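# give me the fold of what follows.
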Amino acid sequence: MMPIKEIAQKIDAYERLMRLDKPIGILLLLWPTLWALIIAGQGKPDWIVVLIFVTGTVLMRSAGCVMNDIADSKYDGLVERTQHRPLVNHEVTKKEAYMLVVGLSFTAFVLVCLLNTLTIKLSIVAILLAATYPFTKRFFAIPQAYLGIAFGWSIPMAFAAILGYIPPIAWLLLLANIFWAIAYDTEYAMVDREDDLKIGIKSSAITFGRFDVLAVMICYALTLLLLMVVGKRLLLDAPYYLGLMIAMGFAFYHYFLIRTREKSKCFQAFLHNNWLGFSVFAGLYSHYLIK
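This is a model prediction of the structure:
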């Protein structure tokens, strides 16, 4: 029988493999999900559906992180920021990592099975997106766009779960999320640009080159513009637009963080996107609360 100390160390390694010690990824995946649930539920989505989606977000983001580390296990040891990850340090074996991915994905799928047929069908696509994203960094010039689809696929799923169909507004929200993901993950990629160039991994930071800061700001602008269109189509009131104005302020703040391309500040900007996503959520929720 494994000693308690070794069990604790293994659990800690699993937690770090799933990035549970770094919840920013969960939050960036959760905010667009909550946007969709709030809109689809007219401010009052079924709390059981919300609970299923929140839990599923944690499970699928964790599975995605493990799958990412499996795909990048040959490269992570060559990158300063990732050289101490559990798979690189052999704290977790690849077999254990694969079993963890299967377990997390299966649990998420079981939860989705409590919802309608359309949502179940969409969840299969979600699993495929999460599983294939890590490999897009080998050949796709802007894998961050694919990440935006993977991170935003919960949007059409949320509408399907509550309404039974996917309205056009869901695809507008998904498109906004894609541009948002390109913006914040480019900031993240700016931290690893030198290492990615050495090992041959593609990223938007490399593709945009010296126009990286401009590209990030354009993506923020497109995100907010699309969210304004969403507001117009849904006839949302002032609280929503106040939320967008605050989000715009955060985007401008990120410009001042990333303009020098200092790694620590680029990473700070990436982390700060949590507040941008929250601002949009708060504006949405306030609209329906007052209404």
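
# helix, strand, or coil at Ala141?
Three-state assignment for Ala141 (DSSP: H, G, I helix; E, B strand; the rest coil): coil.

# what strand or helix carries the nearest residue to it once chain neighbours are set aside?
Computed as Cβ to Cβ, 6 or more residues apart in numbering, the closest residue to Ala141 that is not its neighbour in sequence is Thr207, at 4.5 Å. C-betas here are computed from N, CA, C, even on glycine. According to DSSP states H and E, Thr207 maps onto helix 204-208.

# Glu91 too?
In this assignment (DSSP H and E), Glu91 forms part of neither any helix nor any strand.

# same thing with Trp275?
Element membership for Trp275 (DSSP H and E) is helix 263-290.

# helices or strands up against that helix?
On a contact count with 3 or more Cβ pairs under 8 Å, 6 or more residues apart in numbering; DSSP states H and E, helix 263-290 meets helix 24-40, helix 168-199, helix 238-258.

# buried stuff in that helix?
Buried residues in helix 263-290, defined by neighbour count with 16 or more other Cβ atoms under 10 Å: 265-267, 269-270, 272-288.

# for this protein, which spans come out with low pLDDT?
When residues are selected by pLDDT under 70, those of the chain lie in 1-2, 75-80, 82.

# repeat that for 80
For the chain, the stretches with pLDDT under 80 are 1-7, 72-84, 291.

# Three-state assignment for Arg81, please.
Classification of Arg81 using three-state DSSP returns coil.

# am I right that it is in contact with Arg193?
No - if you go by Cβ atoms under 8 Å, Arg81 and Arg193 don't touch, sitting 11.4 Å apart.

# neighbour count winner among these two?
Arg193 (19 against 13; other Cβ atoms under 10 Å).

# so that one is in contact with Ser204, correct?
No - using Cβ under 8 Å, Arg193 makes no contact with Ser204, being 9.9 Å away.

# how many neighbours does Leu100 have?
20.
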